[in-house]
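Asks: below is the structure, and that's it, no one-letter string:
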């Protein structure tokens, strides 16, 4: 014999665990909401600064460009970096929201929407538009650089760049498939 | 008609303890858990601005709490290990859960670890079951049919039995 709890006791143990039962006064809630809004503003400012830094780094390439092609590549990269930053801000705002049509969504539906949001970010239009906005700039910049400094062209560097791109896209697609599998599993349960 | 503040006070007075248990099942880290509990309370207070009585207060509270906690899980999931379903846990139970819980405290800790491994929907069903809700209430919160909830509860009972009782049978 052991003093192992019976299965029926598990519910009892769960319900009788010692917890503080934290509540918040209305003043605390309102104060916390103010703090949260401040935090969101700070986060947005930080995100904006990071984006600005990225754009400045790319813009620096634009001013240091040795020829027109390199300049065009750098300009395209500035636009691409700006677009990626914009997408990151946008996906945060696309959250399902706890309340919809004046009622909290049933939790399975809410989870599905959150999974869809993650899947969409890692695939389809969201992913390919990032690729389309960033890759041409990088390619044109490389071509411009190669014209300006032919001695710097190295097949291994080129191969490594292509491999990096393929790796990034493959990882994104793998994540999207993972989210899709979870959505399918969720749908199968609900049917 | 009760106002937003009054509804929140009533919900907090009735469900605060259960909400804290719920947060424990979603977050192991004490600091993050405290933040999650506060996030749930804020979401609740905000939600009551639109409370229209189309569902019971309890369903409303648990939907808001689970949805807030699910967002937390989705945000944190890259840092956590991958989650599993009830079916997967049920299959694993035989292999890696033979250790016995001699004390209530240890049982509770193991139970929390087990729940935190589950995917959000399964986690919600387990939590609701442990809180003593029936299949129809769980269906109302999650949006699953009563049949699906019943199947999941059957699995939960099986898992709990294997994880928290099987060791005892071996000794008999």
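Replies: Right, received. Where do you want to start? Keep in mind it's a predicted model, so treat the numbers as computed, not measured.

Asks: can I see the domain layout of chain B?
Replies: Here the domain parsing of chain B from automatic domain parsing is B:4-76, B:86-171.

Asks: I'd like those as TSV, with mean pLDDT, distance to chain A and mean neighbour count appended.
Replies: Placement of C-beta: from N, CA and C, glycine included. Formatted as TSV, the domains of chain B follow (pLDDT from 0 to 100; distance: least, Cβ to the nearest Cβ, whole Å; neighbours: other Cβ atoms under 10 Å in any protein chain shown):
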stretch	mean pLDDT	distance to chain A	mean neighbour count
domain B:4-76	90	4	20
domain B:86-171	78	3	18
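
Asks: so for residue A:60, which of the ones you listed sits nearest?
Replies: With Cβ to Cβ, the closest approach to residue A:60 among those belongs to domain B:4-76: 33.6 Å.

Asks: what's the first-to-last distance across the closest one?
Replies: Terminal residues of domain B:4-76 are spaced 30 Å apart (Cα to Cα, to the nearest Å).

Asks: ditto for stretch A:84-104
Replies: Length of stretch A:84-104, first residue to last, Cα to Cα: 32 Å.

Asks: quick one: which of the domains of chain B is nearest residue A:16?
Replies: Closest to residue A:16 of the domains of chain B is domain B:86-171 (Cβ to Cβ; 8.4 Å).

Asks: off-centre distance for the closest one?
Replies: Averaged C-alpha coordinates place domain B:86-171 at 10 Å from its chain's average position (Cα atoms, centre = their mean, to the nearest Å).

Asks: report the longest helix in chain A, please.
Replies: Longest helix of chain A, by residue count under DSSP state H: helix A:26-64.

Asks: same check on chain B?
Replies: As assigned by DSSP H, the longest helix anywhere in chain B is helix B:146-171.

Asks: let me know how buried residue A:88 is, in neighbour terms.
Replies: 14 (other Cβ atoms under 10 Å in any protein chain shown).

Asks: need phi/psi at it.
Replies: Backbone torsions of residue A:88, given as degrees, to the nearest 10, read phi -60, psi -40.

Asks: thinking it is in contact with residue A:50, fair?
Replies: No: the pair residue A:88 / residue A:50 is not scored as a contact, 9.2 Å apart, by Cβ atoms under 8 Å.

Asks: show me where pLDDT drops low in chain A?
Replies: Filtered on pLDDT under 70, chain A yields the residue ranges A:1-8, A:95-102, A:190-191.

Asks: which parts of it are helices?
Replies: Counting by DSSP H, chain A has helices at residues A:7-15, A:26-64, A:68-93, A:107-121, A:124-148, A:155-190.

Asks: what sits up against the fourth one?
Replies: Under the contact criterion Cβ atoms under 8 Å, 6 or more residues apart in numbering or on different chains, helix A:107-121 has outside partners A:87, A:91, A:94-96, A:98, A:104-105, A:126-127, A:175-176, A:179-180, A:182-183, A:186-187, A:189-190, B:62-63, B:66-67, B:70-71, B:74, B:120-121, B:124, B:141-144.

Asks: for that helix, which positions count as buried?
Replies: For helix A:107-121, a neighbour-count test (16 or more other Cβ atoms under 10 Å in any protein chain shown) marks A:107-115, A:117-121 as buried.

Asks: now swap in the third one and tell me
Replies: Of the residues in helix A:68-93, those with enough neighbours to count as buried (16+ other Cβ under 10 Å) are A:69-78, A:80-82, A:85, A:87.

Asks: that one vs helix A:107-121, what angle?
Replies: 180 degrees (axes from the mean of the first three to the mean of the last three Cα atoms, to 10 degrees).

Asks: can you tell if helix A:68-93 touches chain B?
Replies: No: using Cβ under 8 Å from any Cβ of the partner chain, we find that helix A:68-93 stays clear of chain B, coming within 10.0 Å at best.

Asks: gap between that helix and the chain center?
Replies: Worked out by Cα atoms, centre = their mean, helix A:68-93 lies 15 Å from the chain centre.

Asks: before we move on, what about the shortest one?
Replies: Its chain's C-alpha centre lies 40 Å from the corresponding centre of helix A:7-15 when counted by Cα atoms, centre = their mean.

Asks: could you check that helix against chain B for contacts?
Replies: Yes: residues of helix A:7-15 contacting chain B under Cβ under 8 Å from any Cβ: A:7, A:10-11, A:13-15.
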